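# here is the input, now give the coordinates:
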Amino acid sequence: MSADQQAAFVASRRVVVCATNGPRGWPHQMPLWYVVRDGEVWAWSYAKSQKVRNLERDPRATLQIEDGDQYHELRGVMIEARTTIHRDLELLVELGAELMRRYGGDATGQDFMDAVRAQAAKRVALQFVPQRVASWDHRKLGGVY
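Alright, predicted model coming up:
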């Protein structure tokens, strides 16, 4: 995929699988909802989650976003990233509202923001800064496989 195709694909999908380095040396993979900000994947997670503990110890993560059911339909983007963990409450509220709107509709109002703020207090923001990107699109193979 070209860079533009990669960006459009990442923006159009809904789940990213985040692989971190677990405490026993095994990869730890978990799905996350996300948003794209300035070409970077951002997500939030509970501050005490295993993935956050892993990223505190080692900020490297590999993200995979994929699609397709049959071999000739498979496509995806893999991002090797350095992760910045943000704990600023106002940034978390802003990100949480963005995530909730993306996945839950166009909620607004004080009740909505109060709910976001209550969740934000328990979470951290994960900013995945790409270091290397690889992509594939088997639809372009034209049956040659």
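# give me the number of residues near Leu91?
16 (other C-beta atoms under 10 Å). Using the backbone N, CA and C atoms, a C-beta is placed for each residue, glycine as well.
# residues in contact with it?
The contact partners of Leu91, taken as C-beta atoms under 8 Å, 6 or more residues apart in numbering, are Ala125.
# break down this structure into its helices, ranges please.
3-12, 50-57, 89-104, 109-120 (DSSP state H).
# is Leu55 in contact with Arg82, as I believe?
No - with contact defined as C-beta atoms under 8 Å, Leu55 does not reach Arg82; the gap is 9.6 Å.
# returning to that earlier point: now distance to Arg132 too, for the helices of the chain, in CSV please.
Putting those into CSV (distance: least, C-beta to C-beta, whole Å) gives the following:
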stretch, distance to Arg132
helix 3-12, 12
helix 50-57, 18
helix 89-104, 24
helix 109-120, 31
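# which of the ones you listed sits closest to Asp67?
Ranking the helices of the chain by proximity to Asp67 (C-beta to C-beta) places helix 3-12 first, at 7.7 Å.
# show me what the closest one packs onto, helices and strands only.
On a contact count with 3 or more C-beta pairs under 8 Å, 6 or more residues apart in numbering; DSSP states H and E, helix 3-12 meets strand 35-37, strand 60-67, strand 75-86, strand 123-137.
# switch to 7 Å and redo it
Applying 3 or more C-beta pairs under 7 Å, 6 or more residues apart in numbering; DSSP states H and E, one finds that helix 3-12 contacts strand 75-86.
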